[in-house]
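Peer 1: Below are the sequence and a predicted model; questions follow.
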Amino acid sequence: MSATDPGWAIYKGRVRYLSVSFSTQSEADDELEDLLRPYPPGHEWRKNLRVDRWPLSQAVALGFDPPYGYRHAESRHGRHLLPHHYEQRVLAIIDASEGVHPSEVAAKLNKEKYHTRERKKFTPAYVARLRKERPTP
């Protein structure tokens, strides 16, 4: 199955959590259950992760801003999400700064001349929000 073939994947919110596609919903459900086995019922991960079609349906993508790190793209198959390379670089810096206070990460991003999607300087609150919305590896 290629990356553009429809399949099943595991998501946290609208962000694809695993970079693996499954041929059937059953395979994806089994993998999700294996991932969640260590977590008790009612745990945050059990509430946040779900199985859905990959690529996400147009209903999810249309009319919404894409999650940070992604952009809308049009193809003969319709509208879907693709990585936004600039924002992916920002997320890589944030991921590499695990344990560092958001104000220090924001200062580093601003010093290196990165900007938010709104073309503004990064703030500690913005960095904290991106960390919270981003699935942990």
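Peer 2: Arrived safely, thanks for sending. Numbers count the residues shown, from 1 in each chain.
Peer 1: Let's verify the closest residue to Y70 other than its chain neighbours: helix, strand, or coil?
Peer 2: With sequence-adjacent residues excluded and distances taken as C-beta to C-beta, 6 or more residues apart in numbering, Y70 is closest to L81, at 4.5 Å. Yep, even glycine has a C-beta here, placed from its N, CA and C like the rest. Three-state call for L81 (DSSP: H, G, I helix; E, B strand; the rest coil): strand.
Peer 1: Give me the neighbour count for L81.
Peer 2: Using other C-beta atoms under 10 Å, L81 has 19 other residues around it.
Peer 1: same deal with A125?
Peer 2: A125: 11 neighbours (other C-beta under 10 Å).
Peer 1: need the contact list for it.
Peer 2: Shown in contact with A125 (C-beta atoms under 8 Å, 6 or more residues apart in numbering): P102.
Peer 1: Strands of this protein, start to end?
Peer 2: With DSSP state E, the ranges of strands along the chain come out as 7-12, 15-16, 49-54, 70-75, 78-83.
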